[in-house]
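[1] model the structure of this input:
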Amino acid sequence: MPIYEFQCLDCHKNFEMLLLNKDDEIEMKCSQCHSFNIQRVVSRTNFVMTGGGSGPQVATSQTHTCSGGSCTTYDIPGPR
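    Sure, this is the predicted structure:
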C-alpha cells in the first residue's frame with residue numbers, strides 16, 4: 001500500500017495520499033485548498049540502519065575507471 005506525497009502548487013501545502021489499488025479512481029486534489037494543481041514530490045525516508053554484524057556501519061564508496069570514464073560502487077550496510 002504505497003503512500004505518495006504531493007505538493008499543491010497554489011497554496012504550497014505538502015500532503016500524502018494512500019493508494020490501495022491502482023485501479024481505484026481517486027480525486028487528486030489538495031487537502032487544504034482543494035486545488036487540482038498538484039505535483040508529486042520525492043519523499044524523504046525515515047529509517048535507521050543499525051549494525052550488529054561485521055563490516056562497516058556506514059555507507060562506503062569505491063571509485064574506479066571503467067569504459068565510460070569513472071564508475072562508483074556504493075556498499076550500504078544492512079542485511080544482504
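
[2] touching, Phe15 and Cys30? I think so.
    Yes. Counting by C-beta atoms under 8 Å, Phe15 touches Cys30, with 6.8 Å between them. (Glycine included, C-beta is placed from N, CA and C.)

[3] need the residues that contact stretch 31-40.
    Contacts of stretch 31-40 with the rest of the structure, by C-beta atoms under 8 Å, 6 or more residues apart in numbering, involve 4-11, 13, 15, 28-30.

[4] repeat the analysis, applying 6 Å as the threshold.
    With contact meaning C-beta atoms under 6 Å, 6 or more residues apart in numbering, stretch 31-40 is reached by 4, 6-11, 13, 15, 29-30.

[5] pick the one among the residues you listed closest to Gln62.
    Nearest to Gln62, judged by C-beta to C-beta, of those is Tyr4 at 33.9 Å.

[6] sheet partners, orientation included, of the helix-or-strand element of the chain with minimal mean pLDDT?
    Using mean pLDDT, DSSP states H and E, strand 69-75 stands out as the lowest-scoring helix or strand of the chain, at a mean of 76. As defined by DSSP bridges, the strand partners of strand 69-75 come to strand 60-66 (antiparallel).
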